[in-house]
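Enquirer: Sequence first, predicted model second:
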Number of protein chains: 2
Amino acid sequence: MNQELCNCLVAQSGGPTAAINASLAGVIKACRESGKIGTVYGAINGIQGVLSRNIVDINTLIGTSDENIEILKISPAMYLGSCRYKLESLETAINVLIPEYERIDDYTCIFNILNEYGIKYFFYIGGNDSMDTVKKLGAYGKSINSPIRIIGIPKTIDNDLPITDHTPGYGSAARYIATSMLEMAYDTSIYSTKSVLVVEIMGRNAGWLTAASALARTEFSDAPHLIYLPERNFSDAQFLSDLREKMKDRDHVIIAVSEGIHYEDGTYVSSAGAVKDQFGHTMLNGAGRYLAKLVSSKLGCKVRSVELNILQRCASHMSSLTDIEESFELGKKGVEAAISGKSELMSVIKRVPTKDGSYKVSYDLVDVSKVANLEKKVPDEWINEAGNDITNEFLEYARPLIQGEPAIEYKNGLPVYLTIRHLGV
Amino acid sequence: MNQELCNCLVAQSGGPTAAINASLAGVIKACRESGKIGTVYGAINGIQGVLSRNIVDINTLIGTSDENIEILKISPAMYLGSCRYKLESLETAINVLIPEYERIDDYTCIFNILNEYGIKYFFYIGGNDSMDTVKKLGAYGKSINSPIRIIGIPKTIDNDLPITDHTPGYGSAARYIATSMLEMAYDTSIYSTKSVLVVEIMGRNAGWLTAASALARTEFSDAPHLIYLPERNFSDAQFLSDLREKMKDRDHVIIAVSEGIHYEDGTYVSSAGAVKDQFGHTMLNGAGRYLAKLVSSKLGCKVRSVELNILQRCASHMSSLTDIEESFELGKKGVEAAISGKSELMSVIKRVPTKDGSYKVSYDLVDVSKVANLEKKVPDEWINEAGNDITNEFLEYARPLIQGEPAIEYKNGLPVYLTIRHLGV
């Protein structure tokens, strides 16, 4: 253990993405190159790993060469593991510091451990909830005059963080969704009988991922033909009417729906038609399955539903090089900010206008409190008036984010990813 | 239309694979190179396209250069479309030739059209049912002394055709399944809470695809931890016992199951716990969903089910180069056989023993009647005694089939595949 006051700690939190390890790689790389940091520690399973002292020297895990950094960049899920742990509110925590209490609160515990490991910089890579952790730890640190700098590095496939032009992880998920949609369009086209395919895509409150399915459209294939986002209220009757209209022109209709589509009264479509299963539990259809049944029942044609499920967030073999590189840079920017003495910030991506309209970004830092617990939805003007498709503005925004293929090495036919054995799998 | 007696016709039938277009490319390439064939015609939507005269000159679709042949090789689904059309039995058909009948039977109709287009060679690329079509047409042709040579070219992701060492299309599906399984293993490992993931894989009667999930195992990841194939009877009680045992050693258990697993009495697990939905239709869970509910109900831990669904058969971006090249060769061999005067045969892959144990194949031809309507299952000795895993023999058999990455061109972040617009999509 390095006892000098120049060590750093990095951890990951929330749901996985194909690019969150690229941000981790960026943090490690920048720490190594800075010449100002002794040991780079990683906490296993996010802030829970800090609380339980499950802290490892990154060099002992991945070695000191750049080779593993490159593999880490394109490895799926979270190399250091994750957690979904919400810190108690700062007010409560400070209250429980009253000497009468035997127990030690999370904040005291975390800062004691950080000090014990000689941590000066703490980098937390995560989404909305993780930024809440950064915000609370930052505020607590300030209240006790701690010199520890705390920086958030964003990630989420959902693309629902405010301020940043887009979120790292979104581009890779979008590329997987668009490619899968294109391939399913080919698959669906082969029979001459009329058919409907409903594809359910992740996104509870924001439709960014479902909208990305429209990136599948090429000069030869125009699927998906209908797109429904949670930003607009859903109606079974309108849906059936939209579908009937589409089926006049074509034999095969492909529909993309967000898992979170809901009716005007707020009820999720996924819970429509729920019945009790044989175990007595409520058996949700899911939005896609419900709509497939609705179509089968009302239109009587061949229908299938597909859930892209967790592959949306972990199919690194189809990640976007743009996304991987940007995520890496965001990790590096976080380290630079911390070393220059900044704290309670999150690194963000800004899109830079160019004369020729080409895609260019720069990086910036924002107060983490401007991000924590907030949500960015697909703008209303990027959804068509009928609420069953997206507009060209969305495509222009999203297309640059899915460009480029990372160089992946294959061994025995499989992509080579960095080991997860230390997670006890 | 070329009226010389040296034209050929090619068509595709059955379910799609990532490699069936490679066989089509092989047929086209060999026909062009033979110097003995005038026009290469394609029937749209299989034998139905012949019956309805939906026949096109391949050159007008894809041009005469080799460039599109290369793109065709790696394009998913079926470039010429498909059908699921079973010819009436030859006996019935011949009976209906009695002059009293006004209607013309399928056989007379097909041979009239083949003759009209000057077809001497007919290549039918498909699975089990398609080989039944080849067999029937061959027998009918013989009965009327037709000079038309009819050759079957195999395909099926299911790997369930007899005689051939493996089927074209299987290796690509296996590679997609193994890669997805590996990525989901990473995804599943990130939380410290115990979890179970059930992955449902295609295969109604044969477990080849589900067995392929074991190819995901690397030195760093040993998922899937339990594998259930339809070759053995399934038992809920034994499954729960297997699972409890696995959960003693590990936090995350990943289970691969064939869609066709069934109980001793023959009932499919997919139909267990079925209830009526709000439309009054029987609502099947599917094997994966049912098992997820069973686990949730009996073990109470976090559980998720994933269906790989149609992406197994159309995810060309993860196809196996070995599979693509072999499928291409099978198409070429079919053409060579027909030109040399052979008929009613299907091209097959033979594995050639080598001194160093390296993978090598040769190609052969077999009487199509030895293949049609027959099914090859996973050998009993390749399933472990407990019936919850496969053996090393299977891995040694299957691993060579998923080797190699086809060169795929990307445009706007998406793989470039040959157009399907002529299918009216």
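Expert: Looks like it arrived, so ask away.

Enquirer: where are the low-confidence patches of the stretch 101-250 of chain A?
Expert: Low-confidence segments of the stretch 101-250 of chain A (pLDDT under 70): A:101-103.

Enquirer: Swap in 80 and give it another go.
Expert: For the stretch 101-250 of chain A, the stretches with pLDDT under 80 are A:101-104.

Enquirer: ranges for the helices of it?
Expert: A:106-116, A:128-143, A:170-188, A:208-212, A:236-249 (DSSP state H, counting those that start in this stretch).

Enquirer: Adding mean neighbour count and distance to chain B, write those helices out as TSV.
Expert: (Each C-beta comes from the backbone N, C-alpha and C, glycine too.) Shown next, in TSV, are the helices of the stretch 101-250 of chain A (neighbours: other C-beta atoms under 10 Å in any protein chain shown; distance: least, C-beta to the nearest C-beta, whole Å):
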stretch	mean neighbour count	distance to chain B
helix A:106-116	18	17
helix A:128-143	22	13
helix A:170-188	28	4
helix A:208-212	29	10
helix A:236-249	15	10
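
Enquirer: now these as a markdown table including distance to B:Leu311?
Expert: Output for these, formatted as a markdown table (distance: least, C-beta to C-beta, whole Å):
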| stretch | distance to B:Leu311 |
| --- | --- |
| helix A:106-116 | 42 |
| helix A:128-143 | 29 |
| helix A:170-188 | 6 |
| helix A:208-212 | 16 |
| helix A:236-249 | 23 |
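
Enquirer: ok, and does stretch A:7-25 reach over to chain B?
Expert: Yes: under the criterion of C-beta under 8 Å from any C-beta of the partner chain, stretch A:7-25 makes contact with chain B via A:Pro16.

Enquirer: That stretch spans what distance, first to last residue?
Expert: Using C-alpha to C-alpha, to the nearest Å, the end-to-end distance of stretch A:7-25 comes to 17 Å.

Enquirer: any low-confidence regions in the stretch 301-425 of chain A?
Expert: Where the stretch 301-425 of chain A drops to pLDDT under 80, the residues are A:372-373, A:420-425.

Enquirer: List the contacts of the residue most central in space within chain A.
Expert: Ranked by distance to the mean C-alpha position of chain A (C-alpha atoms, centre = their mean), the top residue is A:Thr156 at 1.9 Å. A:Thr156 sits next to A:14-15, A:17, A:127-128, A:167, A:169-170 when contact means C-beta atoms under 8 Å, 6 or more residues apart in numbering or on different chains.

Enquirer: contacting residues around the spatially closest residue to it that is not a sequence neighbour?
Expert: Take A:Thr156 and drop its neighbours on the chain: the residue closest to it by C-beta to C-beta, 6 or more residues apart in numbering or on different chains is A:Gly127, 3.8 Å away. A:Gly127 makes contact with A:13-15, A:154-156, A:158, A:161, A:167 under the criterion C-beta under 8 Å, 6+ apart.

Enquirer: Which member of those is positioned nearest chain B?
Expert: A:Gly15 (8.5 Å; C-beta to the nearest C-beta).

Enquirer: Confirm for me that the closest one is in contact with A:Gln312.
Expert: No: contact between A:Gly15 and A:Gln312 fails when scored by C-beta atoms under 8 Å: they sit 10.3 Å apart.

Enquirer: Which neighbours do the two have in common?
Expert: What both A:Gly15 and A:Gln312 touch, as defined by C-beta under 8 Å, 6+ apart, is the set A:Ile157.

Enquirer: can you count the residues close to A:Pro162?
Expert: 14 (other C-beta atoms under 10 Å in any protein chain shown).

Enquirer: about what we covered before: return the distance of the residue nearest to A:Thr156 relative to chain B.
Expert: A:Gly127 sits at a distance of 13 Å from chain B (criterion: C-beta to the nearest C-beta, to the nearest Å).

Enquirer: out of the helices of the stretch 101-250 of chain A, nearest to A:Glu325?
Expert: Closest approach to A:Glu325 among those (C-beta to C-beta): helix A:170-188, 9.9 Å.

Enquirer: gap between that closest one and the chain center?
Expert: 17 Å (C-alpha atoms, centre = their mean, to the nearest Å).

Enquirer: ditto for stretch A:407-425
Expert: That offset, for stretch A:407-425, works out to 21 Å (C-alpha atoms, centre = their mean).

Enquirer: and if you look at stretch A:287-304?
Expert: Stretch A:287-304 sits 30 Å away from the centroid of its parent chain (C-alpha atoms, centre = their mean).

Enquirer: which parts of it are buried?
Expert: Buried residues in stretch A:287-304, counted by 16 or more other C-beta atoms under 10 Å in any protein chain shown: A:287-296, A:299, A:301, A:303-304.

Enquirer: Now, the residues you listed that are in strands?
Expert: Those of these mapping onto strands are A:303-304, per DSSP state E.

Enquirer: want to throw the contacts of A:Thr156 into CSV with distance to B:Leu215?
Expert: CSV is the format used below for the contacts of A:Thr156 (distance: C-beta to C-beta, whole Å):
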residue, distance to B:Leu215
A:Gly14, 30
A:Gly15, 27
A:Thr17, 25
A:Gly127, 33
A:Asn128, 37
A:Thr167, 33
A:Gly169, 27
A:Tyr170, 30
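
Enquirer: Now do the residue nearest to A:Thr156 against A:Ser82, distance only.
Expert: As for A:Gly127, its distance to A:Ser82 is 10 Å (criterion: C-beta to C-beta, to the nearest Å).

Enquirer: just A:Val56 next, same as before
Expert: 15 Å.

Enquirer: do A:Glu67 as well
Expert: Counting by C-beta to C-beta - A:Glu67 and A:Ser82 are separated by 25 Å.

Enquirer: Which one's more surrounded, the two?
Expert: Regarding A:Glu67 and A:Ser82, a neighbour count based on other C-beta under 10 Å identifies A:Ser82 as having more, with 27 against 10.

Enquirer: you'd agree the more buried one is up against A:Asn45?
Expert: Yes: assessed by C-beta under 8 Å, A:Ser82 is found in contact with A:Asn45 at 6.3 Å.

Enquirer: overlap in contacts of these two?
Expert: With C-beta under 8 Å, 6+ apart as the test, A:Ser82 and A:Asn45 both reach B:190-191.

Enquirer: list the contacts for A:Leu90?
Expert: A:107, A:136, A:139-140, A:143.

Enquirer: Ok, A:Asp323 next?
Expert: A:18-19, A:22, A:168-172, A:175, A:401-402.

Enquirer: For those residues, work out which two are farthest apart.
Expert: Comparing every pair within the contacts of A:Asp323 by C-beta to C-beta identifies A:Ala22 and A:Ile402 as the most remote, at 15.2 Å.

Enquirer: Counting neighbours, go ahead and name the busier of the two.
Expert: Taking neighbours as other C-beta under 10 Å, A:Ala22 and A:Ile402 compare with A:Ala22 leading, 32 against 28.

Enquirer: and the gap between A:Ala272 and chain B?
Expert: In terms of C-beta to the nearest C-beta, A:Ala272 sits 8 Å off from chain B.

Enquirer: do A:Thr267 as well
Expert: For A:Thr267, the distance to chain B - C-beta to the nearest C-beta - is 14 Å.

Enquirer: Retrieve the pLDDT associated with that residue.
Expert: pLDDT for A:Thr267: 94.

Enquirer: quick one, phi/psi of A:Tyr410?
Expert: Here is the backbone geometry of A:Tyr410 (degrees, to the nearest 10): phi -120, psi 140.

Enquirer: What is the burial count for the closest residue to it other than its chain neighbours?
Expert: Closest residue in space to A:Tyr410, ignoring its immediate chain neighbours: B:Glu405 at 5.9 Å, by C-beta to C-beta, 6+ apart. A count of neighbours around B:Glu405, defined by other C-beta under 10 Å, yields 17.
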